[in-house]
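Chemist: Give the three-dimensional model of this entry:
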Amino acid sequence: MSAPTSNSDASEDAAVHWFPASDTATRVDREWLVTNGLGGYASGSVSGVLTRRYHGYLIAALPAPLGRVVMFDHLTERAVLPDGSAAALSLDAFGLDAGLPIWRYRVGAAVIEKRVVLLHRQNTVHVQYRRLNGDGPVRLELRPTMSCRPHEAPVSEETGGPFALTIHGDRYEVSPGGILPSLRWRIVGEGAALIVEAEIHREIEYPTEASRGYSSRGALWSPGRFRADLAPGHAVTLVASTESWETLSALAPDAALVAERERRRRLVAAAPPAARDGFGADLVRAADQFVISPAGRIADVARAQAGGDEVRTAIAGYHWFTDWGRDTMISLEGLTLATGRTVEAGYILRTFAHYVRDGLIPNLFPEGNTEGLYHTADATLWFFHALDRYVRATDDRATLRAILPTLVDIVEHHLRGTRFGIGVDPEDGLLRQGAEGYALTWMDAKMGDWVVTPRRGKAVEINALWYNALCLLEGWLRSEGEDAVRTDARALANAGIVDGARSATENSGHADAIAARARHARESFNRRFWYEPGGHLYDVVDGERGDDPDCRPNQLFAISLSHPILDRERWAAVVDACEARLLTPVGLRSLSPDHPDYQPRYDGDLRARDAAYHQGTVWGWLIGPYVDAYLKLHPDDATSARHLLDGFRAHLADAGVGQLSEIFDAEPPYTPRGCIAQAWSVAEVLRCWQNTAR
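Modeler: Residues are numbered from 1 along each chain as shown. Take a look at the predicted model:
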């Protein structure tokens, strides 16, 4: 698959990438994605075939306890020609217009373009058809089908209905029953109308769900057929929304498209120069899909706004992830700082500071819930890293001072021990973690009681992050002074942004004591983690199986972070080991191929996939720490570092078109797997693209 070709449409100030129909448009394994800034989205196969339970034109993000709901699943399209014959729309080409999907169809002599637009911060979708040429009238007929199914519900589960249709002139409203909102419909165009012809479409097959071992047959309901006349140069738009009629009618379809294009143009214009065109601009638009104001957490929004703030978070990946603390903190620099969205970076950090409990930030927020789950050993340490990058980029000392009391509280909890066995071993100053039945690091695949990658003990990246956090905290305490920390803690507590109980009035700590902790951890790390026979670092020491010498990419963080814990004389050996055993064109393998547990492919049912998830499978985001470590060794060789991203440029035309996948098979052709769009894949590639600009 070659990278997309680019055509510039100067009149609309939008870059259009067209993909060859022969190898993209007609394949069901190529997918498109549009998001709405609330966590909702629209997505499907480019060919139009339903393959996943997550496909639909409107997956609405609704307040808790609903979460995301698949409201509008599919659309059957056909045209009635001047001679009265009916024909399906024949796909001729597919492309991205400023990141928005665009299809080109032929029906007889007529050429029709289709676009899908989700209005920003609304659960509203516009599906627009525009006739480009031809003579004589063409009548467009569109039959929508819907399930009103919770996002994670199996397709076999009949959750929506019985459906009730209400008609008020040109307004059509379908009530799915229960606590779900109504879905409101309009068709905008000449001669537009709804032919009421309710149907239940049974035994819809979802082949991707079948291949993944999930329920794969379900039913969809349709209210009837929308129709409108499509004359040359004119458009027909089908609108579906869970918003009020007043909100739904606020923007005409053409105005909505112009507004969304302009929003996307401004995103690219606000980015640093290296990301304003070409691959960099593509990544800026891809990054925008993940940054959201969570629709379901109404109390959070009220609390933040009362203090003059806003709530932001990041979806970890589409289609099935919500916002995860670890993924958000790793991705923050690439999603926001590398795109010029520094204000939103501050919102994200202050949002997560509010959620610290017992020295931990949440691992994730489950679908439809307002409270997080805290079973993570590294997300909180990544919080220090994200704050560091934010302060370096913005010099926002007010946010730093406001969050410092929380950071001190985090360190104190880790020193005395907190949930899930997370705590410092006083003998060597290293951070250990682990609780029976939990996987607390980013290698967290688990099936029932089976932890696939057991890493209880002192994991290499956890201790690299711990040392980095201690060094950062020491520096911040020295630069800000403890009196400033106490003052800002009280102000922030009064504003409701952090918990006043975590102020630093009595326990802000001393920079000298923090520095001593950091030195102790570093000395122990360099003594304990070097695996001489392999010329690399142990993955875990004092683990369930003793010291674990598996060659994994986690060791790179001992070099790549702002404060490397590994002695410099061993950097080259670690980078060389990772290059020889783990590096691929689309990221790093999660385990060396010479290991007996190595899995070259990620496919099959859930158990088979989890067995391979961190046992060889390539992760795109890991190119970030590898590039960082490489540049620390070769600071004058940004050109070679940038070439490490070449595989991702080609991948933009694959899987989720215009996006970067979560994972890949560990051997050629490195088939993309998992989520079609992953926040930390996009974030780390964009960050590295910026850092290698010369």
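Chemist: since we're on Asp378, how many residues are nearby?
Modeler: Counted by other Cβ atoms under 10 Å, the residues lying close to Asp378 total 28. From N, CA and C alone the C-beta is placed, and that goes for glycine too.
Chemist: pull the longest strand from this structure.
Modeler: Longest strand in the chain, counting residues (DSSP state E): strand 190-205.
Chemist: residues of that one that come out buried?
Modeler: Residues of strand 190-205 classed as buried: Ala192, Leu194, Ile204 (neighbour count, 16 or more other Cβ atoms under 10 Å).
Chemist: now the nearest residue to Val155 once chain neighbours are set aside, what's its secondary structure?
Modeler: Distance criterion Cβ to Cβ, 6 or more residues apart in numbering; nearest residue to Val155, sequence neighbours excluded, is Gly218 at 3.3 Å. Secondary structure assignment for Gly218 (DSSP: H, G, I helix; E, B strand; the rest coil): strand.
Chemist: Kindly provide the distance from the residue lying farthest from the centre of the chain to Ala231.
Modeler: Here the chain reaches farthest from its C-alpha mean at Asp83, the gap being 47.9 Å by Cα atoms, centre = their mean. Separation of Asp83 from Ala231 (Cβ to Cβ, to the nearest Å) stands at 17 Å.
Chemist: do Glu412 as well
Modeler: Separation of Glu412 from Ala231 (Cβ to Cβ) stands at 70 Å.
Chemist: And for Ala655?
Modeler: According to Cβ to Cβ, Ala655 and Ala231 sit 37 Å apart.
Chemist: Those two - which one has more neighbours?
Modeler: Comparing Ala655 with Ala231 by other Cβ under 10 Å, the one with more neighbours is Ala655, at 22 against 17.
Chemist: Let me see the contact set for that one.
Modeler: Asp29, Arg30, Glu31, Ser661, Pro672, Ile676 (Cβ atoms under 8 Å, 6 or more residues apart in numbering).
Chemist: right, and Val49 touches Val28 too?
Modeler: Yes: between Val49 and Val28 there is a contact under Cβ atoms under 8 Å: 4.9 Å.
Chemist: same for the longest strand of the chain, what does it pack against?
Modeler: Here strand 190-205 touches strand 164-168, strand 183-188, strand 217-230, going by 3 or more Cβ pairs under 8 Å, 6 or more residues apart in numbering; DSSP states H and E.
Chemist: Including mean neighbour count, mean pLDDT and distance to Gly308, could those strands go into CSV?
Modeler: Listed next are the helices and strands packed on strand 190-205 as CSV, based on neighbours: other Cβ atoms under 10 Å; pLDDT from 0 to 100; distance: least, Cβ to Cβ, whole Å:
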stretch, mean neighbour count, mean pLDDT, distance to Gly308
strand 164-168, 11, 96, 41
strand 183-188, 21, 97, 34
strand 217-230, 20, 96, 44
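Chemist: Any chance of those strands in CSV with distance to Trp245 as columns?
Modeler: Formatted as CSV, the helices and strands packed on strand 190-205 follow (distance: least, Cβ to Cβ, whole Å):
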stretch, distance to Trp245
strand 164-168, 9
strand 183-188, 6
strand 217-230, 17
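Chemist: Out of those strands, which gets nearest to Leu332?
Modeler: Between Leu332 and the helices and strands packed on strand 190-205, the shortest separation by Cβ to Cβ is 34.6 Å, and it involves strand 183-188.
Chemist: which outside residues touch the closest one?
Modeler: Residues contacting strand 183-188 (Cβ under 8 Å, 6+ apart): 58, 71-72, 142, 144, 146, 148, 170-174, 176, 193-194, 223, 226-228, 235-243, 245, 248-249, 252-253.
Chemist: go with 7 Å
Modeler: Strand 183-188 is contacted by residues 71-72, 146, 170-174, 194, 226, 228, 236-242, 245, 248, 253 when judged by Cβ atoms under 7 Å, 6 or more residues apart in numbering.
Chemist: For that strand, C-alpha coordinates in PDB please.
Modeler: This file holds the C-alpha atoms of strand 183-188, laid out as PDB (Å, rounded to 0.1, in the frame of the first residue of the first chain):
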ATOM      1  CA  LEU A 183     -33.100  10.100  17.800                       C
ATOM      2  CA  ARG A 184     -34.200  13.100  15.700                       C
ATOM      3  CA  TRP A 185     -34.100  13.000  11.900                       C
ATOM      4  CA  ARG A 186     -34.300  15.500   9.100                       C
ATOM      5  CA  ILE A 187     -33.700  15.200   5.400                       C
ATOM      6  CA  VAL A 188     -32.700  18.400   3.600                       C
END
